[in-house]
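> Fold the following and give me the result.
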Amino acid sequence: MADFKIDDTVDITDVVCPTTFVKAKIALEELEEGEILSVKMNDGEPVQNVPRSIKEEGHQILKLIDNEDGTYNLIVKKVGD
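Predicted coordinates:
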């Protein structure tokens, strides 16, 4: 985590698809271009779908971190609107 300055964090472990992506997307929209968001999500469907959806929106996936507790942190850099 030390190599990124996280500007904001969103925890989507309490919601299910497709709300997971919606919540992440809203958090990204609130950031400035170039800022970094950490998205905490559950293993399984969110890990498969959320990164793909974020990429389709044109944002940059920097890293997917396995927290080894059934959750992951997806580090996303916001690319301009």
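> which residues does the most centrally placed residue in the chain bridge with?
Most central in the chain under C-alpha atoms, centre = their mean is residue 39, positioned 3.5 Å from the mean C-alpha point. Counting by DSSP bridges, residue 39 is bridged to residue 10, residue 74.
> With adjacent residues omitted, what lies nearest to residue 35?
Once flanking residues are discounted, residue 35 sits nearest to residue 7: 4.0 Å by C-beta to C-beta, 6 or more residues apart in numbering. C-beta here means a position set from N, CA and C on the backbone, and glycine is covered the same way.
> quick one: that neighbour from residue 18, how far?
To residue 18, residue 7 is 25 Å away according to C-beta to C-beta, to the nearest Å.
> Looking at those two, which one has more neighbours?
Comparing residue 7 with residue 18 by other C-beta atoms under 10 Å, the one with more neighbours is residue 7, at 15 against 12.
> what about the helices in the chain?
19-29, 45-56 (DSSP state H).
> mind checking which of those helices is nearest residue 78?
helix 19-29 (5.5 Å; C-beta to C-beta).
> Pull the distance from the closest one to the chain's centre.
How far helix 19-29 lies from its chain's middle: 8 Å, per C-alpha atoms, centre = their mean, to the nearest Å.
> Which residues belonging to that helix are considered buried?
Using 16 or more other C-beta atoms under 10 Å as the test for burial, helix 19-29 gives 20, 21, 23, 24, 25, 27, 28.
> wait, isn't the fifth one in contact with residue 58?
When you say that, I think you mean residue 25. No. Contact criterion C-beta atoms under 8 Å: residue 25 and residue 58 do not qualify, at 11.6 Å.
> measure the residue lying closest to residue 15 once chain neighbours are set aside to residue 68 for me?
Using C-beta to C-beta, 6+ apart and skipping residues adjacent in sequence, the residue nearest residue 15 is residue 23, 5.9 Å away. With distances taken as C-beta to C-beta, residue 23 is found 23 Å from residue 68.
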